[in-house]
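[1] Got a sequence here, can you model it:
(one chain, ligands or ions: 1)
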Amino acid sequence: MAGSYREKEVDYLIDYELKPAGITDEKVLNAIRKVRREKFIPESLRNRAYGNYPLPIGENQTISQPYIVALMTQALEIDKNDKVLEIGTGSGYQAAILAELARIVYTVERIPSLLDRARTNLYSQGYDNIILVLGDGTQGLPEYAPYDKIIVTAAAPKIPEPLIEQLKGGGKMVIPVGDRFVQDLKLVEKALNGRIYQKSLGGCRFVPLIGKEGWKD
Ligand code: SAM
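    Sure thing, here's the model as predicted:
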């Protein structure tokens, strides 16, 4: 995708889709501007890379809609010193956005072929603050816990208890919770005393989170 063409496409996405929908955090918008979404989707779909919709990435999975990526990232209020856990690596695009803002990103994926592709892709683009792990993300990643921020990019029937445990006091998590077809995007905040507060960021539709504390395969 030629430089100026890409710039026009990404400017259009930001000015006409993301900003009017309430994405105003300049750091998030700059990350969207910087990360090349076309590098995370199949070659045949690359001319649609900056459309505001999800796209297939193989294995019946999707790269999320840019608005949802931006909304979830903005809600987390990521600090440059944060340690972030992502569940559902998929293409690796969301991990790249997070890595632009955080100190380190751990991302867990259950499908080996997607994880391998994301790892090769992210490392070839020079991302050295993303650790990719194969596994059931409904169990979190206890070996590196606690996390300042957690983002779950697949639809959960309920908030997995291990993720609540692995969230730092004062930390935030975004997670879609609902049935297999429609979910509520929840912002979960853990107070320093461990109390959990939740609020809704609106409706959404994700592929299912499959695992011990998620949906059955
Ligand atoms: N964040 C991704 C991106 O930027 O491309 C999009 C994620 S896609 C909507 C959801 C991903 O969650 C899929 O790749 C799916 O295989 C993965 N997934 C589902 N259940 C999982 C689990 N228990 N642990 C880890 N990954 C899981």
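[2] Mind listing residues that contact stretch 200-207?
    60-62, 64, 68, 71-72, 75, 153-155, 174, 176, 181-187 (CB atoms under 8 Å, 6 or more residues apart in numbering). C-betas here are computed from N, CA, C, even on glycine.
[3] let's go with 7 Å and repeat that
    By CB atoms under 7 Å, 6 or more residues apart in numbering, the surrounding residues in contact with stretch 200-207 are 61-62, 68, 71, 75, 153-155, 176, 181-187.
[4] Could you turn the buried ones of these into a ChimeraX selection?
    This is the ChimeraX syntax for the buried subset of the contacts of stretch 200-207, where burial follows 16 or more other CB atoms under 10 Å:
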select :61,62,68,71,75,153,154,155,176,183,184,185,186,187
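[5] So which residues of this structure form strands?
    Using DSSP state E, the strands found in the chain span residues 55-58, 61-63, 83-87, 104-109, 130-134, 147-152, 167-178, 183-190, 196-204.
[6] so which of the ones you listed comes closest to the ligand?
    Proximity to the ligand (CB to the nearest ligand atom) singles out strand 61-63 among the strands of the chain, at 3.9 Å.
[7] just to revisit the earlier point, restrict the contacts of stretch 200-207 to contacts with the ligand.
    61-62, 153-154 (CB under 6 Å from any ligand atom).
[8] With distance to residue 136 and pLDDT as added columns, please give those in JSON lines.
    Shown next, in JSON lines, are those (distance: CB to CB, whole Å; pLDDT from 0 to 100):
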{"residue": "61", "distance to residue 136": "15", "pLDDT": "96"}
{"residue": "62", "distance to residue 136": "19", "pLDDT": "96"}
{"residue": "153", "distance to residue 136": "15", "pLDDT": "98"}
{"residue": "154", "distance to residue 136": "11", "pLDDT": "98"}
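[9] List the contacts of the residue lying closest to residue 119 once chain neighbours are set aside.
    Nearest-residue entry for residue 119: residue 132, 4.7 Å, with adjacent residues in sequence omitted and distances by CB to CB, 6 or more residues apart in numbering. Contact analysis of residue 132 by CB under 7 Å, 6+ apart lists 89, 107, 115, 118-119.
[10] ok, now how distant is residue 132 from residue 51?
    The gap separating residue 132 from residue 51 is 26 Å, by CB to CB, to the nearest Å.
[11] and what of residue 153?
    19 Å.
[12] Repeat that for residue 167.
    Applying CB to CB, the value for residue 167 to residue 51 is 33 Å.
[13] is it true that residue 29 touches residue 23?
    Yes - counting by CB atoms under 7 Å, residue 29 does reach residue 23; the two are 6.5 Å apart.
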